[in-house]
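In: this one's structure only:
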């Protein structure tokens, strides 16, 4: 399963009656680009019937931490050192998680709780707030 980041644009009517162009980003997990685009269409057809798909690209996310009561998404980089037994060398591994939270502090707290009990020493060198609006979980239907 892969994670895809899709960016769309559409026209929206503001409260004062004026029309403005909006851009939004979504994350989906799917098996292919075609499936990601198809699923996005299924999810958005009732909310935004007419939109332009600006991009759909694979992301390097390792996992997504969902808390539907929160509004923001933060990309969180976790680094740790792995020992390659074949070469006898240490290698720095970076993994990126998408965490749904209200603040940087809450994101850090959620990731620390998730990583408690890990068998490797890890650090969180970077947390960045994203423009992602929604994560759509994969479903067979």
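Out: That came in fine, so what should we check first? Quick caveat, the model's predicted, so the values are computed rather than measured.
In: What separation do you get for residue 64 and residue 30?
Out: Applying Cβ to Cβ, to the nearest Å, the value for residue 64 to residue 30 is 13 Å. For the C-beta atoms, the positions are set from N, CA and C on the backbone; glycine is no exception.
In: which residues of the chain score low on pLDDT?
Out: For the chain, the stretches with pLDDT under 70 are 140-141.
In: quick one: the helices in it?
Out: 33-44, 104-115 (DSSP state H).
In: Turn the ones you listed into CSV, including mean neighbour count and distance to residue 1.
Out: Output for the helices of the chain, formatted as CSV (neighbours: other Cβ atoms under 10 Å; distance: least, Cβ to Cβ, whole Å):
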stretch, mean neighbour count, distance to residue 1
helix 33-44, 16, 10
helix 104-115, 16, 19
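In: Output the ones you listed as TSV; include the columns distance to residue 74.
Out: Formatted as TSV, the helices of the chain follow (distance: least, Cβ to Cβ, whole Å):
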stretch	distance to residue 74
helix 33-44	22
helix 104-115	4
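In: how's this structure carved up into domains?
Out: The chain breaks down into these domains under automatic domain parsing: 1-59, 60-130.
In: Can you say which of those is nearest to residue 136?
Out: domain 1-59 (4.5 Å; Cβ to Cβ).
In: circling back to that earlier point, closest one to residue 138 among the domains of the chain?
Out: domain 1-59 (4.4 Å).
In: Identify the residues contacting residue 107.
Out: 74, 76, 99, 101, 127 (Cβ atoms under 8 Å, 6 or more residues apart in numbering).
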